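Undergrad: With the input below, show me the fold.
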Amino acid sequence: MTDRAPSGRKPASTYQRALGLLVRREHSALEVKRKLVAKGLEAQELDEALETLQRQGFRDDRRYALALLRSRASAGHGPVRVRAELRNNGVPASDVEAAFEAAEADGLDWAAVAQGVGARFLPGLRESSGPESFKKRNKALNFLLRRGFPQDLARQALAMREDVDADD
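TA: Model prediction:
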């Protein structure tokens, strides 16, 4: 048995480095490629490693999309922002749509997520009136829009209880 000093170790292969990233959390193929190319690995070797990892089931853009979607929704981000992030990370549109369908089939309700985020603004909106109310409502609406909620969901989340009760 030979003892090797840490500095005498053989460097990890491209495959091993890519797998190391995927063990920590799900990544899209583009994310793995960006991270490892930045560390000086060859793009061609990396493509081969990513194909192998996908064949072995260690990397799956659909699974990544669903994990990211659930994570962002639980953090209070809306569907517009989640779609944009997935698109920026190179996830194919078909995998994005499949992830959204799966999450919504499992009970993800974007209106409820928006209401949860908007709930923090409701006390201030109820207490104010006139121009101050208008400013607070715009501030809250802009916050929800920046969080990635479409305008209809953002407006619905900020509907005053009196307005909702009046419709009943």
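
Undergrad: Contacts for stretch 69-86 next, please.
TA: Stretch 69-86 has contacts (C-beta atoms under 8 Å, 6 or more residues apart in numbering) with 28, 65, 68, 95-96, 99-100, 103, 108, 110, 113-114, 116-117, 144, 147-150, 153-154. C-beta: built from backbone N, CA, C; applies to glycine.

Undergrad: cool, stretch 98-115 as well?
TA: 62, 65-66, 69-70, 73, 76, 78-79, 83, 86, 144, 149, 153-154, 156-157.

Undergrad: Stretch 52-65 too?
TA: If you take C-beta under 8 Å, 6+ apart as the criterion, stretch 52-65 is touched by 15, 18-19, 22, 26-29, 32, 50, 86, 89-92, 95-96, 98-99.

Undergrad: Tell me the spacing between Asp95 and Asp60.
TA: Asp95 sits 8 Å away from Asp60, going by C-beta to C-beta, to the nearest Å.

Undergrad: Oh, that last question was meant for Glu31, not what I typed.
TA: Per C-beta to C-beta, Glu31 is found 13 Å from Asp60.

Undergrad: could you point out which element follows the helix or strand containing Arg34?
TA: Per DSSP states H and E, Arg34 falls inside helix 29-38. Remark: after helix 29-38, the chain's next helix or strand is helix 43-55, criterion DSSP H and E.

Undergrad: and that next one, which residues are buried?
TA: 46, 49-50, 53 (16 or more other C-beta atoms under 10 Å).

Undergrad: and of the residues you listed, the nearest to Ala140?
TA: Closest approach to Ala140 among those (C-beta to C-beta): Leu50, at 42.4 Å.

Undergrad: and the closest one, what does it touch?
TA: Shown in contact with Leu50 (C-beta under 8 Å, 6+ apart): 18, 29, 32-33, 59.

Undergrad: Including pLDDT and neighbour count, could these go into TSV?
TA: Output for the contacts of Leu50, formatted as TSV (pLDDT from 0 to 100; neighbours: other C-beta atoms under 10 Å):
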residue	pLDDT	neighbour count
Ala18	90	26
Ala29	90	22
Val32	91	23
Lys33	90	19
Arg59	91	23
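
Undergrad: What is the most widely separated pair among those residues?
TA: Once C-beta to C-beta is applied, these give Lys33 and Arg59 as the farthest pair, at 10.9 Å.

Undergrad: If anything else comes up later, I'll come back, but that's it for now.
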